[in-house]
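# What follows is a protein structure lacking sequence information:
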């Protein structure tokens with residue numbers, strides 16, 4: 001399991017994600033996503049709170065030769081997690 005997946009597993013094992021919208025124009029793809037998570041495990045020096053929090057964000061993909069060449073991800077997960 002890689003670092004990103006480990007972070008998700010440690011921060012909470014009850015995670016829900018949804019894709020709210022996808023837009024494609026040429027080689028550019030934009031995906032708006034939302035999620036919610038229950039903080040059930042210790043993560044980033046924060047003890048488990050058992051609280052549920054929600055977040056949202058956008059992921060931008062640049063495609064080249066029918067493959068993802070670049071990913072830019074921005075969400076408010078860190079800010080929402082810090083509020084617990």
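Yep, it's here. Fair warning: this is a prediction, and the values are worked out from it, not measured in the lab. Numbers count the residues shown, from 1 in each chain.
# ok now stretch 23-31, how far from the chain's centre?
Its chain's C-alpha centre and that of stretch 23-31 lie 18 Å apart, by C-alpha atoms, centre = their mean, to the nearest Å.
# for stretch 34-54, same thing?
Relative to its chain's centre, stretch 34-54 lies at 13 Å (C-alpha atoms, centre = their mean).
# now swap in stretch 49-59 and tell me
That offset, for stretch 49-59, works out to 8 Å (C-alpha atoms, centre = their mean).
# Quick check: buried residues in that stretch?
53, 55, 59 (16 or more other C-beta atoms under 10 Å). The way it works is simple: take the backbone N, C-alpha and C, and place the C-beta from them, glycine included.
# What's opposite residue 58 in the beta bridge?
residue 32, residue 74 (DSSP bridges).
# Give the full set of residues in contact with it.
30, 31, 32, 33, 73, 74, 75 (C-beta atoms under 8 Å, 6 or more residues apart in numbering).
# Residue 77 too?
Neighbour list for residue 77: 35, 55, 57 [criterion: C-beta under 8 Å, 6+ apart].
# Tell me how far it lies from residue 51.
Residue 77 sits 14 Å away from residue 51, going by C-beta to C-beta, to the nearest Å.
# could the buried residues of stretch 49-59 go into TSV alongside pLDDT and distance to residue 14?
Listed next are those as TSV, based on pLDDT from 0 to 100; distance: C-beta to C-beta, whole Å:
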residue	pLDDT	distance to residue 14
53	90	11
55	92	14
59	96	22
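# a markdown table for the residues you listed, including distance to residue 40?
Listed next are the buried residues of stretch 49-59 as a markdown table, based on distance: C-beta to C-beta, whole Å:
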| residue | distance to residue 40 |
| --- | --- |
| 53 | 12 |
| 55 | 16 |
| 59 | 25 |
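# Pick out whichever of those residues sits closest to residue 22.
residue 59 (9.7 Å; C-beta to C-beta).
# So the closest one versus residue 29, what's the distance?
The spacing between residue 59 and residue 29, counted by C-beta to C-beta, is 8 Å.
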